[in-house]
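Colleague: whatever this is, show me its structure:
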Amino acid sequence: AAQVLDFLHETGKLNLEEAEIIVAGGRGLGGPEPFGLLAELAEALGGVVGASRAAVDAGWIGHEHQVGQTGATVRPKLYFAIGISGAVQHTVGMSNADVVVAINKDEKAPIFQFAHYGMVGDLFKLVPAITQEVKKRRTLFAKPAADTTASVPTLERSEAK
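Modeller: Below you'll find the predicted structure:
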């Protein structure tokens with residue numbers, strides 16, 4: 001006979017160390033609300049939200065999101081550093097990312113020394129534009145459902161002639 005002893009509930013615990021895509025924000029966001037923009041981009045990319053120590057210390061986001069010397073050391077395939085200056089304490093935790101994309105309004109920010117790609121500009125314009133483009137491209141390349149119209153086989157037959 002089997003007996004239910006307990007139900008395990010998802011804790012919602014974030015595991016930055018295993019994330020393949022991280023969209024991290026720092027002091028340059030100016031407050032907790034812009035982390036919603038980052039969450040939207042992270043969701044579109046299939047990633048998670050990270051943060052710098054400055055953002056965590058300011059109480060804008062929980063410690064479980066912190067990347068850096070006193071947070072998580074990560075090795076994602078793609079790391080967005082948005083509004084992050086690039087202090088040594090942070091870069092220690094993200095320097096093993098395969099590709100780093102930095103967005104900062106200060107063209108002299110140290111994060112650009114670590115970035116493979118950098119964008120100097122207003123994150124409040126750039127992040128929504130990137131998110132919109134990611135969503136658009138995901139829609140373009142999404143696999144059609146199995147019950148789509150018969151036009152695809154017709155095109156394949158016409159190409160074979």
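Colleague: tell me the spacing between the nearest residue to Ala54 once chain neighbours are set aside and Glu43.
Modeller: Once flanking residues are discounted, Ala54 sits nearest to Arg27: 4.1 Å by CB to CB, 6 or more residues apart in numbering. Bear in mind the C-beta positions are built from the backbone N, C-alpha and C, glycine included. Using CB to CB, to the nearest Å, we find Arg27 at a distance of 23 Å from Glu43.
Colleague: the two: which has the busier surroundings?
Modeller: Higher neighbour count among Arg27 and Glu43: Arg27, with 18 against 15, using other CB atoms under 10 Å.
Colleague: that one reaches Ala51, doesn't it?
Modeller: No - if you go by CB atoms under 8 Å, Arg27 and Ala51 don't touch, sitting 9.8 Å apart.
Colleague: any weak-confidence spans in the chain?
Modeller: Along the chain, segments meeting pLDDT under 70 span 5-13, 142-161.
Colleague: residue nearest the centroid of it?
Modeller: Val23 (2.8 Å; CA atoms, centre = their mean).
Colleague: which strands and helices sit next to the longest helix anywhere in the chain?
Modeller: Looking across the chain with DSSP state H, the single longest helix is helix 123-141. Judged by 3 or more CB pairs under 8 Å, 6 or more residues apart in numbering; DSSP states H and E, the packing partners of helix 123-141 are helix 35-45, strand 99-104.
Colleague: any idea how far stretch 87-100 is from the chain center?
Modeller: Chain-centre distance of stretch 87-100: 14 Å, with CA atoms, centre = their mean, to the nearest Å.
Colleague: list the contacts of the residue nearest to the centre of the chain.
Modeller: Contact analysis of Val23 by CB atoms under 8 Å, 6 or more residues apart in numbering lists Leu38, Ala39, Leu41, Ala42, Leu45, Gly47, Val48, Val49, Gly50, Phe80, Ile82.
Colleague: quick one: neighbours of Val92, just the number.
Modeller: If we define neighbours as other CB under 10 Å, then Val92 has 15 of them.
Colleague: which element is it on?
Modeller: In this structure, Val92 sits in helix 88-94 according to DSSP states H and E.
Colleague: just the buried residues of that helix, please?
Modeller: By neighbour count with 16 or more other CB atoms under 10 Å, helix 88-94 contains the buried residues His90, Thr91, Gly93, Met94.
Colleague: what's the distance between the first one and Thr139?
Modeller: Going from His90 to Thr139 by CB to CB gives 34 Å.
Colleague: now do the third one
Modeller: When CB to CB is applied, the distance between Gly93 and Thr139 equals 33 Å.
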